[in-house]
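**Student:** prediction below, plus the sequence it came from.
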Amino acid sequence: MDARQLKIAAAQAALEHVEDGMRLGIGTGSTADEFVRLLAEKVADGFKIQGVPTSERTARLCMELGVPLYSLDDLPELDLTIDGADEVDGALRLIKGGGGALLREKIVASASSRMIVIADESKLVDMLGRFPLPIEVAQFGVAATRIAVERLASRLGLSGEIALRLEKDGAYLTDGNHFILDASFGRIPDAEALANGLAAIAGVVEHGLFLNMANAAIIASQNGARTLLAQN
Ligand SMILES: O=C[C@H](O)[C@H](O)[C@H](O)COP(=O)(O)O
């Protein structure tokens, strides 16, 4: 199986957890896109779900493919969210936000009774941090916020570049009109301390550490898809 087929395998396995009538949070990214394509086929066959997208990108794909969408304000309590991740560790701690959708993703996952992560095995790590940690920050005072993040990192014994995410026309803007700082800390031994510290910085809108959120992770490899369950 190539990389895309692995994503499809994870998405296919996740679809088995989606029941008729569910209020469903729909994630963002290339793996979540595969899930949307498979979901759309079921919807076309008469399967009923009410979807809440985690980004404008996912909303566009759902609309193109006929997946029924609602806002989170229409449906503030969801049954299940299916989403991808940039990294997953054995305790189902995640790094998310490589595609810039972390804020809405975290709000939608928090409003869901369950979250299932879908990923290929390249995302599974012993310890989080190989993937740069996305930190969504207010545009106002971004230089000061970056310094505050550097000081926090230093207190926690972390170091590495903290880069403003750019695209061709300048700074990358999230759906919420914020900037992203990508922090290349390397291995993060105490993700909880980092998450708490980031949450306490005024200019930080949200960070890409998703701790105690995923109930299960479906990991696709050449041997098939296996499910890791959260211990809590
Ligand atoms: O902001 C984007 C999301 O957190 C994605 O779920 C994450 O980046 C994984 O994306 P992909 O499935 O494309 O690797």
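**Tutor:** In hand now; what should we look at?

**Student:** from the opening residue of stretch 97-108 to its closing one, how far?
**Tutor:** Using CA to CA, to the nearest Å, the end-to-end distance of stretch 97-108 comes to 14 Å.

**Student:** ugh, typo on my part, it should be stretch 11-23
**Tutor:** End-to-end distance (CA to CA), stretch 11-23: 17 Å.

**Student:** per the record, what domains does this protein have?
**Tutor:** 3-124+211-229, 133-207 (automatic domain parsing).

**Student:** need the next SSE after the strand ranked longest in the chain, C-terminal direction.
**Tutor:** Of all the elements of type strand in the chain, the one with the most residues (DSSP state E) is strand 112-120. Per DSSP states H and E, strand 112-120 leads on to strand 124-125 as the next helix or strand towards the C-terminus.

**Student:** elements contacting that next one?
**Tutor:** Helices and strands touching strand 124-125, by 3 or more CB pairs under 8 Å, 6 or more residues apart in numbering; DSSP states H and E, are strand 87-89. Every C-beta, even on glycine, is put in place using the N, C-alpha and C of the backbone.

**Student:** how many residues are close by the residue nearest to R104 when sequence neighbours are not counted?
**Tutor:** Distance criterion CB to CB, 6 or more residues apart in numbering; nearest residue to R104, sequence neighbours excluded, is T54 at 4.7 Å. Using other CB atoms under 10 Å, the number of residues around T54 comes to 29.

**Student:** check contacts around Q231.
**Tutor:** A91 (CB atoms under 8 Å, 6 or more residues apart in numbering).

**Student:** what about it, which SS state?
**Tutor:** coil (DSSP: H, G, I helix; E, B strand; the rest coil).

**Student:** look at it and report its pLDDT.
**Tutor:** Q231 is assigned a pLDDT of 84 by the prediction.

**Student:** so G141 touches G203, yeah?
**Tutor:** Yes - between G141 and G203 there is a contact under CB atoms under 8 Å: 5.2 Å.

**Student:** what's the residue nearest to R104 sitting at in phi/psi?
**Tutor:** Backbone dihedrals for T54, given as degrees, to the nearest 10, come out at phi -100, psi 0.

**Student:** from what I can see it touches L102, true?
**Tutor:** No - here T54 does not reach L102: they are 9.1 Å apart, not a contact under CB under 8 Å.

**Student:** buried ones in stretch 193-205?
**Tutor:** 194-195, 197-198, 201, 203-205 (16 or more other CB atoms under 10 Å).
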